[in-house]
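[1] how would this look folded up:
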Amino acid sequence: MTVTAVCPGSFDPVTNGHLDVIRRASSRFDRLLVACLRNAGKQPLFDVDTRLDLLNEVVADLDNVEVAAFDGLLVDFCLQRGVTVIVKGLRAVSDFEYELQMAQMNSHLGDVETFFMTTSPIYSFLSSSLVKEVARFGGDVTDFVPSAVVDRLAEHL
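    Here you go, the predicted model:
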């Protein structure tokens with residue numbers, strides 16, 4: 001039996017914390033879809049095509065990982081692709097409270113289970129929002145994001 005999981009997020013930008021969860025999840029499932037949210041309600045730093053390009057670049061060495069964009073409900077994305085497992089990274093207890101509600105809603109709306117992976121301790125403080133803020137003020141983000149993202153942030157900001 002082949003098990004496909006989805007690892008969703010905005011990935012604006014993709015961080016080393018995201019990449020850590022993606023790499024670890026890819027070693028646990030036969031196939032992993034990294035689903036990049038196209039959210040019309042937010043004003044992302046990078047458009048969805050740029051985020052997809054960056055994701056494809058940083059997961060290029062992972063043969064069982066595919067990248068795709070989605071909008072709307074994650075559970076609908078899963079149902080359309082026959083995916084029954086969602087993988088979410090957790091940094092802190094505060095993440096768990098929100099993600100637990102989402103997991104229960106997704107389970108109710110569709111036949112999907114959510115697997116939680118704790119973030120590696122070296123990335124537990126890291127978020128895309130913090131990376132963007134540090135980069136906007138000229139701070140060094142090389143420890144927090146893949147080199148392709150460092151370059152793209154420098155170009156963009």
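
[2] let me see the ranges of the strands in the protein.
    Per DSSP state E, the chain carries strands over the ranges 4-9, 31-37, 65-70, 85-90, 113-118.

[3] contacts for the fourth one next, please.
    In this structure, residues lying in contact with strand 85-90 by Cβ atoms under 8 Å, 6 or more residues apart in numbering are 3-8, 17-18, 20-21, 25, 29, 32, 74, 78, 95-96, 99, 102-103, 106, 112-119. For glycine as for every other residue, the C-beta is placed from the backbone atoms N, C-alpha and C.

[4] run the last query once more with 6 Å
    5-7, 21, 25, 96, 99, 112-119 (Cβ atoms under 6 Å, 6 or more residues apart in numbering).

[5] please indicate which of those residues are buried?
    5-7, 21, 25, 99, 112, 114, 117, 119 (16 or more other Cβ atoms under 10 Å).

[6] could I get the strands of the chain in CSV, plus columns for mean pLDDT?
    Supplementary listing: the strands of the chain in CSV, determined by pLDDT from 0 to 100:
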stretch, mean pLDDT
strand 4-9, 97
strand 31-37, 97
strand 65-70, 97
strand 85-90, 96
strand 113-118, 96
